[in-house]
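Asks: take this sequence and fold it.
(chains A and B)
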There are 2 protein chains.
Amino acid sequence: MSVKYTNVNPRKLVEFSTGILEKAGIPRKDANTTANLLVNTDLRGIASHGVAHLSTMYVKGIKDGLINPKPGIKISSGAPATAVIDGDRGLGFVVGNRAMQEAMKRAKITGIGCVAVRNTTHFGACSAYSLLPVKENMIGFASTTGGIRAGAPGAAGPVTGMNAMSFAAPSDVEFPFCLDMATPIVAHGKIEIALRTEQKLPLGWEIDAEGNPITDPKEEFPKKGSIVLLGSTPELGVYKGFGLNIMVDVLCSILAGSMSIPEIRKQPGHGSECTHFFCAVNIAGFLPPEEFKKSMDHMISVYHGLPKAKGVDRITIPGELEWELEQERRKNGIPLDEEVIKSLKDLAKEFQVNYNLS
Amino acid sequence: MSVKYTNVNPRKLVEFSTGILEKAGIPRKDANTTANLLVNTDLRGIASHGVAHLSTMYVKGIKDGLINPKPGIKISSGAPATAVIDGDRGLGFVVGNRAMQEAMKRAKITGIGCVAVRNTTHFGACSAYSLLPVKENMIGFASTTGGIRAGAPGAAGPVTGMNAMSFAAPSDVEFPFCLDMATPIVAHGKIEIALRTEQKLPLGWEIDAEGNPITDPKEEFPKKGSIVLLGSTPELGVYKGFGLNIMVDVLCSILAGSMSIPEIRKQPGHGSECTHFFCAVNIAGFLPPEEFKKSMDHMISVYHGLPKAKGVDRITIPGELEWELEQERRKNGIPLDEEVIKSLKDLAKEFQVNYNLS
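Replies: Take a look at the predicted model:
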């Protein structure tokens, strides 16, 4: 079956999402911050982490009492470059943005700022945060723990988190370099997309408890198979994916004083807690930012000029296609699949918000 | 053909390597620092990055004039938490140790210290450095650029560096967590081991310029195939391995003000330059270190207790097997293959150093 897509206007989508979140109980400024981060993610083509979750994850989380719409965010700090935030179960976007701003503020003084965040909730895509410092001549890093849906080498069934991280650095005339990755082969949202758009999963993404491949996303959802970690097998480096996965838990949970680690996240009351880690590195602490950015441009041009494999038109660098998509979608709009469109229309009706996104 | 191994005494191996390096022109204190880092790496079972390179890489590098035995290391700093080091082409171990000590010194004051290093040389395994802060209740991160031997998605032939990184964190009664990874599927030293011990390469490690698999390491060496990046294929996440690979170049080279980036490292005069990046995170800047370490223990015990896949005896975590090996080898010695033993005996003869390692 073919899936229909409808193009929506990004500015109107921000306004609309702000309105919905405000009606759901989020203060207007926070609702607007959230809507911008969500729509920026859709602009970059990361449909797995954008407004597709507005109804199912964020509005639902507020209604179910899992997300605190008006959190009392608390900051404590043991050193000039570091801080821990207790997010008071606030919306991940609001807490995450606050935390990255705190990291950037500290980076301006000491050269680096790192903030670990406990007691918060899902914040969308990591790149929404790693790209914030880039605009101020800083390198950005953001990571998050996720629900227990990934396997681990030697373990049966889903046992580790859908942990993710992003690293972004500015260039001068080129796009910002941006690695944005789940430590499993794919983010769970990619499987949700396959389900919505009725596509098979590629072989190797997901396995059942006996290690047999799962390729039908419908089968995945009731069965809850394990998403395979980056590296796939011991011989091809799955212990690296496993190590990166644990690294995210160390930075986000353990450093934040949270015990929201694998298995424990499965227990009642932990299911909705996310933990985050943010870092901003002020380039001026190392060298003049202009020099750094010109070198980034040069490195990008070197990659573009490499000898290409047979049948390959161009070599692209992490962050490049997302950047191009953003420019194009700012002009032409964001294509949303019909199930997402329906969820937005349902929200419009429920919260009596005007639906006009074209 | 079967390969013979001889067990050597680790303390004597440190003494011996110190003696060789001193005779080769390295000041005694620096020679001892280097020997300790090298032997620690062999103790942890990372035979690809230990004394196997003493003759072929380090002594040879000094003799060829590529490594400066008495470098004038220069430090500049633009902020309290950050510094750049110019290694004056010193031995990577000497410059690397100096840089990590600098990062730790800054971390004690600001909470985090980051040092980017240009104009240095091969420093062995990243874990030799990431584990240094761990003893002082800090998280350690170390990374290095490497020679151009890895492929990149869409490119023909070897075009990117054998870049590597390590992340280590302390626990209380358990071993330190330690992720130590090349961003390609394997470090080049692993292919050298297969060559020395006459083993085939697993399918998927290396390909020729047309994308055909290379499994005979002898074929690899003259042909110089490409080592595949972590993730293997676009569908299984090779863009993540590519992104991590570039991230290392950004941190080590571009942030250090070096243009030692892919392709440029191929040019004459760049071949021996490595660049490094070190970070120390003072746990006390976030929470009491005792609390952090107890949580690490708990996380490790959670992983150990997970339901196991069929036929699996135990689940191990990155850094665990290396730690166990270290304890065992401190007692029983380090097994070195006959080609490495021969290279050490040749060094003993050349530099008139007493060879007694049993």
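
Asks: for stretch A:343-358, buried residues please.
Replies: A:343-344, A:347-348, A:353, A:355, A:357 (16 or more other CB atoms under 10 Å in any protein chain shown). To be clear about C-beta, it is placed using only N, CA and C from the backbone, and glycine gets the same treatment.

Asks: what's it in contact with?
Replies: Applying CB atoms under 8 Å, 6 or more residues apart in numbering or on different chains, the contact partners of stretch A:343-358 are A:6-9, A:12-13, A:16, A:19-20, A:23-24, A:51-52, A:54-56, A:59, A:333, A:336.

Asks: for chain A, which segments count as helices?
Replies: A:10-23, A:28-43, A:52-53, A:60-63, A:92-110, A:127-134, A:188-196, A:217-223, A:238-249, A:289-304, A:320-332, A:338-351 (DSSP state H).

Asks: and the stretch 251-358 of chain A, which residues reach chain B?
Replies: A:253-257, A:259, A:261-264, A:281-287, A:291-292, A:295-296, A:298-299, A:302-303, A:305-310, A:312, A:314-318 (CB under 8 Å from any CB of the partner chain).

Asks: need the buried ones from those residues selected in PyMOL.
Replies: Here is the PyMOL command that picks out the buried ones among these, judged by 16+ other CB under 10 Å:
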select buried, chain A and resi 253+254+255+256+257+259+261+262+263+264+281+282+283+284+285+286+287+292+295+296+298+299+303+306+309+315+316+317+318
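
Asks: mind giving me the domain ranges of chain A?
Replies: A:1-65+A:322-358, A:71-185+A:228-304 (automatic domain parsing).

Asks: hmm, the helix or strand of chain A with the lowest mean pLDDT in reach of chain B?
Replies: Ranked by mean pLDDT, DSSP states H and E, the weakest helix or strand in chain A is helix A:217-223, scoring a mean of 76. No. Helix A:217-223 lies apart from chain B when judged by CB under 8 Å from any CB; the minimum separation is 15.1 Å.

Asks: outside of that helix itself, list whatever touches it.
Replies: Against helix A:217-223 from outside (CB under 8 Å, 6+ apart): A:191-192, A:194-195, A:199-201, A:206, A:208, A:214, A:225.

Asks: where along the stretch 151-300 of chain A do the strands fall?
Replies: A:160-161, A:164-169, A:177-182, A:206-207, A:226-227, A:274-282 (DSSP state E, counting those that start in this stretch).

Asks: would you list the ones you listed in CSV and tack on mean pLDDT and distance to residue A:145?
Replies: Formatted as CSV, the strands of the stretch 151-300 of chain A follow (pLDDT from 0 to 100; distance: least, CB to CB, whole Å):
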stretch, mean pLDDT, distance to residue A:145
strand A:160-161, 93, 5
strand A:164-169, 98, 9
strand A:177-182, 98, 11
strand A:206-207, 91, 20
strand A:226-227, 94, 14
strand A:274-282, 97, 5
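
Asks: pLDDT value on residue A:195, please?
Replies: Among the per-residue scores, residue A:195 holds a pLDDT of 88.

Asks: what about it, neighbour count?
Replies: Counted with other CB atoms under 10 Å in any protein chain shown, the neighbours of residue A:195 add up to 16.

Asks: please apply the same query to the one 10 residues further on.
Replies: Close neighbours of residue A:205, defined as other CB under 10 Å, add up to 25.

Asks: contacting residues for it?
Replies: A:185-186, A:191, A:214-215, A:227-228, B:235 are the contacts of residue A:205 under CB under 8 Å, 6+ apart.

Asks: residue A:81 reaches residue B:109, doesn't it?
Replies: No. At 9.0 Å, residue A:81 does not count as touching residue B:109 under the criterion of CB atoms under 8 Å.

Asks: for the closest residue to chain B within the stretch 251-358 of chain A, give me its contacts.
Replies: When you check the stretch 251-358 of chain A against chain B by CB to the nearest CB, the closest residue turns out to be residue A:285, at 3.3 Å. Counting by CB under 8 Å, 6+ apart, residue A:285 touches A:107, A:111-112, B:77-79, B:81-82, B:114.

Asks: need these in a markdown table with neighbour count, can you?
Replies: A markdown table is the format used below for the contacts of residue A:285 (neighbours: other CB atoms under 10 Å in any protein chain shown):
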| residue | neighbour count |
| --- | --- |
| A:107 | 29 |
| A:111 | 29 |
| A:112 | 31 |
| B:77 | 16 |
| B:78 | 16 |
| B:79 | 21 |
| B:81 | 33 |
| B:82 | 30 |
| B:114 | 30 |
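
Asks: follow-up on the earlier one: among the contacts of residue A:205, which ones are buried?
Replies: Buried among the contacts of residue A:205 (16+ other CB under 10 Å): A:185-186, A:191, A:214, A:227-228.

Asks: go back to those residues and keep what's next to chain B.
Replies: Restricting the buried ones among the contacts of residue A:205 to those near chain B - CB under 8 Å from any CB - leaves A:185-186.

Asks: and of the buried ones among the contacts of residue A:205, the nearest to residue A:45?
Replies: residue A:186 (14.6 Å; CB to CB).

Asks: residue A:227 is in contact with that closest one, correct?
Replies: Yes. Counting by CB under 8 Å, residue A:227 is a contact partner of residue A:186 at 6.4 Å.
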